[in-house]
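**Q** Prediction below, plus the sequence it came from.
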Amino acid sequence: MGAALRIWYFGVNTYNMDLEGDEPWSKINLALRWLHAGRIVPDLNFGPLHTWLISALSFLSMAQMVLVSRLVSLVFGVAFIALYFETIRGTLGTRIALFGAFLLAIYPLHIHLSSVSLPETMAYFLLFASLYYCEAFARKDRIGYLVVSAISLNLAGMLRFECWLFALLFAGLLLLRGKPLRQACLFFLLASFFPAAWLLLNYIQTGDPLTFATTAASVTEAQMRGINFLRRGLGFFKVLGITLTLPVCIAALGGGILSMRKRPRSLFFLLLFIPTFLIFELRSLGGTYAYYISRYSLVLGLLCLPLAAVSIDYAYGHYRKAFAWAVIIACTAFSVGTLAFFSKRIAVSGPLIEMISWMAHHTRKTDRLLLECGIYHPFIALNANLGIDQVMEYDHLGVMQGRVDINQYLEESDYVFVYKKSGTFRDLVQRSVSSGKRRKVFANDEWDGYKTER
C-alpha cells in the first residue's frame, strides 16, 4: 500500500515541485554550479552528500538527472516502510509495529517527499537505520552494530544537519538501556566524525566553525521578521496538524500519555521526540528555524507515529476492535484528503507553462534569458529545451548587497521575463523599454516578456 501510494504520487508530481515551491530545482542548480566551478566541497550551507549524488549523475541529460534523483527518493521512501517496521518491532512488538508502518505508509508528507529530488527520504532512512542498529547493539552487545549505527548517522548528518542532534540522543538512550558509559561515549565520538570535520572545514574556509548555521539563521530571521511570537510558537503544531493529519496527532498525544502511565517501553520514542521538538520550537520562537517549510517537520512526524500506533494498539486491545478500525479509517480519510490538497499545492500555474511553451518556440540556442523568478530557472531551462547556462536569474539579494551588477545582467540578456507582481526589477526593465532598448513580445496573466533590440 505504501509503495502504491508513493508510485501514484510520483506520477502526479511530474514537475518535481515541493510544497513551498521549487526547492528541488534550486538544489539541482546548486549541484550544477558546484560542478561547473570544479569544487570538491559544495556550498558549506548545505549537506554535501546529496549534492555529490546529483553531481554524480551529471553525465546524464538534465531530464534523466532529475528523474533518477527523484527515483532515489522513491526507492528510499518505499524501503523506509520496512525499516520503520523492524525498528518499532524491536522495541514495541509486532502489532504496534504493523500499526506504525501502516501510519507511515499513508503519511502524506513522507509520500510527497518520496516524489521529489530532495534528500529527506534518504536522510531519515539512514537516521532510522542508525536507530535500528543502535537498538540492536543495546540488545545483543555486538560492537559491529555500534559501528554501523555510527556510520549511518554520519551519512544522515551529511544530508540533513539536524541529524547531528541524534548522536547525543542515541548515546543517552544507550545509557538508559544500561550500557556502560565508555560504550555510549565511543558511539558519540564515532557518530560525531562528520559534524566535527564539517565544523573544522567551516573554520578553515571562513574563520567561523558555525558559518553554515549563522548564515541559515540570518536568512530565516529576515524572512520571519514580520511573524509574531504567537504564530512562531504555534507554527510546528499547525504544520504537524496538516502534514501528519489531525487524527494521527491526537492519537500520538494519547500514545505519549499512555507511554508515561501504562506503556513504559514506548517512552523510548517519547524521549526522542520531546528534546527534538523543544529544540525546533525554541529555534522557531527565536526566528532562526522556518517552521512553515513543511519538510522540516518530517522528523517530528516520524517520531510521533510510533506513539500514535501505541494509542491504536491500546484501543484495539482494551476497547471494541471497531473503535480501533474507526481510528484507522479516519487517519486514512484525512491522509487522502491531505494528498489531494498537496496535489493542488504542487501544480504549476498555467501562465508559467504558457511562458515556457513560448520560450521553446521563439528562442534560439544562442539566446540568453534573464528571469526574475530565478529559482525556477533549471525547471524552465529543461522544459523549454534550453541550456542551463542560457537562463540567468535575477538575484535580488545579490543586487541589494552590491554583489551583482544588474545592469550588466540586463545588457547581456536577449530576453527578459518579469513577474507582474514584482517591484524593483519591473521598474528597471520598464526604464529600458521606455528608452527603446527593449520591446514587449510576450504577456499573460502573470508574466511579461521583453526582447532586447540589438
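**A** All right, it came through fine. Remember, predicted model here, so these are calculated numbers, not experimental data. Residues are numbered from 1 along each chain as shown.
**Q** hey, let's count contacts and neighbours off CA atoms from now on
**A** Will do.
**Q** check contacts around residue 343.
**A** 12-13 (C-alpha atoms under 8 Å, 6 or more residues apart in numbering).
**Q** what does residue 412 give?
**A** For residue 412, the contacting residues are residue 368, by C-alpha under 8 Å, 6+ apart.
**Q** Residue 6 too?
**A** Neighbouring residues of residue 6 by C-alpha under 8 Å, 6+ apart: 74, 77-78, 111-112, 114-115.
**Q** one more time with 6 Å
**A** With contact taken as C-alpha atoms under 6 Å, 6 or more residues apart in numbering, residue 6 is in contact with residue 111.
**Q** again, but for the one 3 residues further on
**A** Listed by C-alpha under 6 Å, 6+ apart, the contact set of residue 9 is empty.
**Q** and it, that's in a helix?
**A** Yes. Assessed with DSSP: H, G, I helix; E, B strand; the rest coil, residue 9 lies in a helix.
**Q** Roughly how far does it sit from residue 64?
**A** Distance, residue 9 to residue 64, by C-alpha to C-alpha, to the nearest Å: 19 Å.
**Q** And for residue 175?
**A** Residue 175 sits at a distance of 47 Å from residue 64 (criterion: C-alpha to C-alpha).
**Q** Kindly report the same for residue 242.
**A** 33 Å.
**Q** And for residue 174?
**A** Counting by C-alpha to C-alpha, the gap from residue 174 to residue 64 is 43 Å.
**Q** Which one's more surrounded, those two?
**A** The residue with more neighbours, out of residue 174 and residue 64 and counting by other C-alpha atoms under 10 Å, is residue 174; that gives 20 against 13.
**Q** which non-adjacent residue is nearest residue 294?
**A** Excluding the flanking residues, the one nearest residue 294 by C-alpha to C-alpha, 6 or more residues apart in numbering is residue 239, at 6.5 Å.
**Q** May I ask you to name the longest helix in this protein?
**A** Criterion DSSP state H: the longest helix present in the chain is helix 62-92.
**Q** Could I get the phi/psi values of residue 370?
**A** When read as degrees, to the nearest 10, the backbone of residue 370 gives phi -110, psi 120.
**Q** how many other residues sit next to it?
**A** Neighbours of residue 370 (other C-alpha under 10 Å): 23.
**Q** likewise residue 17?
**A** 24.
**Q** contacting residues for it?
**A** Shown in contact with residue 17 (C-alpha under 6 Å, 6+ apart): residue 346.
**Q** Which pLDDT value goes with it?
**A** Residue 17 carries a pLDDT score of 89 in this model.
**Q** For residue 114, see how far away it is.
**A** Distance from residue 17 to residue 114, counting by C-alpha to C-alpha: 12 Å.
**Q** Check residue 357 too.
**A** 28 Å.
**Q** More neighbours: these two, which one.
**A** Taking neighbours as other C-alpha under 10 Å, residue 357 and residue 114 compare with residue 114 leading, 28 against 15.
**Q** Secondary structure of the residue nearest to residue 294: a strand, I assume?
**A** No. Going by three-state DSSP, the assignment for residue 239 is helix, not a strand.
**Q** how deep is it tucked in, by neighbour count?
**A** Residue 239 has 20 nearby residues by other C-alpha under 10 Å.
**Q** Show the pLDDT at it.
**A** 94.
**Q** any idea how far it is from residue 338?
**A** Computed as C-alpha to C-alpha, the residue 239 to residue 338 distance reads 12 Å.
**Q** for residue 3, same thing?
**A** Residue 3 is 18 Å from residue 338, by C-alpha to C-alpha.
**Q** Could you do residue 22 as well?
**A** 20 Å.
**Q** Could you do residue 165 as well?
**A** Residue 165 is 30 Å from residue 338, where distance means C-alpha to C-alpha.
**Q** what about the two, which has more around it?
**A** A direct count of neighbours by other C-alpha under 10 Å for residue 165 and residue 338 places residue 338 higher, at 18 against 15.
**Q** For that one, which non-adjacent residue is closest in space?
**A** Residue 338 sits nearest to residue 108 (C-alpha to C-alpha, 6+ apart), 6.5 Å away.
**Q** what's around the one you found, how many residues?
**A** Here the number of neighbours of residue 108 (other C-alpha under 10 Å) works out to 28.
**Q** re earlier: quick one: buried residues of the longest helix of the chain?
**A** By 16 or more other C-alpha atoms under 10 Å, the buried positions in helix 62-92 come out as 62, 65-67, 69-81, 83-89, 91-92.
**Q** do stretch 6-22 as well
**A** Applying 16+ other C-alpha under 10 Å to stretch 6-22 flags 6-7, 9-10, 12-13, 15-19, 21-22 as buried.
**Q** a markdown table for those, including secondary structure and distance to residue 389?
**A** Converted to a markdown table, the buried residues of stretch 6-22 look like this (DSSP: H, G, I helix; E, B strand; the rest coil; distance: C-alpha to C-alpha, whole Å):
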| residue | secondary structure | distance to residue 389 |
| --- | --- | --- |
| 6 | helix | 33 |
| 7 | helix | 32 |
| 9 | helix | 31 |
| 10 | helix | 28 |
| 12 | helix | 29 |
| 13 | coil | 25 |
| 15 | coil | 20 |
| 16 | coil | 20 |
| 17 | coil | 21 |
| 18 | strand | 23 |
| 19 | coil | 26 |
| 21 | strand | 22 |
| 22 | coil | 18 |
